[in-house]
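Okay, here's the prediction I keep looking at, along with the sequence it came from:
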Amino acid sequence: MTSTASPRTTSSASRRVGYAVSVAINGVLLYLVNVWPGWQIIPFLTEDFRDVLGLVNASLIAGMVVNLFNLLLDWRSVRALGDLVTLAIGLAGLVLFWQVFPFDFPDGFDWSLLVRIVIVLAMVGTVIGIIVQVVTLIRSLAGSGDADK
């Protein structure tokens, strides 16, 4: 049987579960990166990762805060604004990852090239996401078809 549910018809309860799960996952990631076992355990990350750690943490914390707001309010305009904030921080992080490139891969396969391609694709996707969320925010504030408030 195929589901015909669209994001618009997703129940508030299921969205709220998703927000809570996102808060928990971001909290766990924040702990894993900063406390135990820490980012230093990953063999291909260099000490330069310290230069991007602030934005990594900011992105995780912003995701937690935004999803807590979504959990409480679950309004389309709040979701769109929150997504804009997290996307903007994410884009800043991607740009910094590109500039610092805190990776040191073993010889052989050109992992550096592959990671750079993934960073560019992530930047493009993030910019598209920002455009979509700006449109969503404008539409929700204008009251056009916002069944979720």
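Yep, it's here. Keep in mind it's a predicted model, so treat the numbers as computed, not measured.

how many other residues sit next to the closest residue to Asp74 other than its chain neighbours?
Of all residues not flanking Asp74 in the chain, Ser12 sits nearest, at 5.4 Å (C-beta to C-beta, 6 or more residues apart in numbering). Placement of C-beta: from N, CA and C, glycine included. Using other C-beta atoms under 10 Å, Ser12 has 9 other residues around it.

Kindly report the same for the one 10 residues further on.
Neighbours of Ser22 under the rule other C-beta under 10 Å: 17.

before we move on, the earlier item: quick check, pLDDT for the residue nearest to Asp74.
The model reports Ser12 with a pLDDT of 86.

Would you quantify the distance from it to Leu121?
According to C-beta to C-beta, to the nearest Å, Ser12 and Leu121 sit 33 Å apart.

Output the contacting helices and strands for the lengthiest helix in the chain.
Once the chain is assigned using DSSP state H, the helix that runs over the most residues is helix 111-142. The contact analysis (3 or more C-beta pairs under 8 Å, 6 or more residues apart in numbering; DSSP states H and E) places helix 111-142 against helix 76-100.

on contacts alone, who are the packing partners of the helix it packs on?
Helices and strands touching helix 76-100, by 3+ C-beta pairs under 8 Å, 6+ apart, are helix 49-73, helix 111-142.

list the contacts for the closest residue in space to Leu81 that isn't next to it in sequence?
Spatially, and ignoring its direct neighbours in sequence, Leu81 is nearest to Leu137 (5.9 Å; C-beta to C-beta, 6+ apart). Contact partners of Leu137, counting by C-beta atoms under 8 Å, 6 or more residues apart in numbering, are 77, 80-81, 84.

Likewise for Leu29?
Counted by C-beta under 8 Å, 6+ apart, Leu29 has contacts Leu60.
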